[in-house]
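Student: the sequence isn't on hand, but the structure is:
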DNA sequence: CGCGTCGTTGGACAGATGTCAAGAATTTCT
DNA sequence: AGAAATTCTTGACATCTGTCCAACGACGCG
């Protein structure tokens, strides 16, 4: 925060650009090694720059990681939304839901692994708590959107709260991720099926 | 493992006793700080002994933590099993299920927080993977036992696999834990209700 | 051209961390 | 009691960590 304050020289903020660039590299390293094993020097090594630069763009490690978490969210919601835009019948919607979640899992399993790591860290490190909670809420909303859309198409009503729905989908997703990373070939199919069968359970 | 090999002088193995004692102290520290912030010296400080002793009883940090994880499991399954022994009607069973999970959450939230931390770590650190997977399986079996008991009492059959059932209960539990640690007063009640309503959804 | 700001480097610092070994203290055995 | 085996402490080591800083090059502006 010291010298990383007001900075608006060029119309396109070059300072913010570099911050993003560094944070993206940091995210790659974090996804590889996990929070506990990632140091600032290791992050810098996956970069064209030296380790000192990180403190020019970020006040300290916490600010860097926090920025990374926010950046992860941007990439995350962008990937999700618009996934299952057009699904006429409820069955199509249920299938699209499972397909969408399986696709995003298969697409970037290491990033999702990092997400669960950071969410665990946020239970210990207060500094991450707010940002993690914000991401969690947006994910919950996404799931709730699917559930209500399914209820609409089946002319029923949800029989659970949005946080319950999110908890169950998240449970399925998390377990599928762990089995997928463990090399299980059926993990993705199980996730697809699990989602397809879960939706009808949540309405009546 | 160097000098921590065959050791059976006294009938009651004093060596194993100390290992357990140290591991229990380590578990307390881990539950407080989380894996990423816990060092061997910090563990020793929560102990009547000095830091060097840890390497007399454990070859290295990984062996200590692995031993802790195994020890956690012992305490864990012991706490769970026999919780909902007698429940005549299915409704009673569903209530006892929610009550049991809520009770264990309220009883040792920090330990459960540690469990989710270590499970995340196991996705990065291969050394923990096997032990974590073993605990996961025993938890899955516990949940499956409840589901099948509920199906029996309602003269129905489960409509999901045991891993699906575990994933959903675990999702509910994990979210309840996070909200409980965040100070939410309704987290426990939501967990109770969530479990009670989940069971009927998993059979037909 | 000279000058000042910005971006970047590389090294240095203090402190923490895992590991180890030498020896003191304690227990056990005879 | 004395010897032997054990349990435990202490201090040291090399390495890694976050953080800071002095200096250097590049670039734009007067």
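Tutor: Cool, got the structure. Quick caveat, the model's predicted, so the values are computed rather than measured.
Student: mind checking the longest helix of chain A?
Tutor: Among the elements of chain A assigned as helix by DSSP state H, the one spanning the most residues is helix A:126-153.
Student: what residues does chain A have near DNA strand D?
Tutor: A:37, A:39-42, A:51-52, A:54-55, A:59-62 (Cβ under 7 Å from any atom of the strand). C-beta coordinates here come from the backbone N, C-alpha and C atoms, glycine included.
Student: and if we set it to 10 Å?
Tutor: Chain A has residues A:1-2, A:9-10, A:33, A:35-45, A:50-56, A:58-65 near DNA strand D, with proximity defined as Cβ under 10 Å from any atom of the strand.
Student: give me the three-state assignment for the residue of chain A found nearest DNA strand C.
Tutor: Sorted by distance to DNA strand C under Cβ to the nearest atom of the strand, the residues of chain A start with residue A:52, at 2.1 Å. Recorded secondary structure, residue A:52: helix (DSSP: H, G, I helix; E, B strand; the rest coil).
Student: list the contacts of residue A:157.
Tutor: The neighbourhood of residue A:157, defined by Cβ atoms under 8 Å, 6 or more residues apart in numbering or on different chains, consists of A:151, A:203-204.
Student: of the residues you listed, grab the buried ones for ChimeraX.
Tutor: Paste this into ChimeraX to select the buried members of the contacts of residue A:157, with burial taken from 16 or more other Cβ atoms under 10 Å in any protein chain shown:
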select /A:151,203
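Student: can you list the contacts of residue A:157 in JSON lines and add pLDDT?
Tutor: As requested, these are exported to JSON lines (pLDDT from 0 to 100):
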{"residue": "A:151", "pLDDT": "97"}
{"residue": "A:203", "pLDDT": "97"}
{"residue": "A:204", "pLDDT": "95"}
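Student: which residues in chain A form helices?
Tutor: Going by DSSP H, chain A shows helices at A:14-33, A:40-45, A:54-57, A:61-80, A:90-107, A:109-122, A:126-153, A:162-181, A:187-201.
Student: ok, and for the fourth one, which residues are buried?
Tutor: Looking back up the chat, that one is helix A:61-80. A:61, A:63-69, A:71-73, A:76, A:80.
Student: could you list the contact residues of chain A toward chain B?
Tutor: Proximity of chain A to chain B (Cβ under 8 Å from any Cβ of the partner chain) is limited to residues A:33-37, A:113, A:116-117, A:119-121, A:123-125, A:129, A:133, A:159-161, A:163-164, A:166-172, A:174-176, A:178, A:181-182, A:190, A:194, A:197-198, A:201-202.
Student: how far is the lowest-mean-pLDDT helix or strand in chain A from where the chain is centred?
Tutor: The helix or strand with the lowest mean pLDDT-type score in chain A, counting by mean pLDDT, DSSP states H and E, is helix A:61-80 (a mean of 85). Remark: helix A:61-80 is offset 8 Å from the chain centroid, using Cα atoms, centre = their mean, to the nearest Å.
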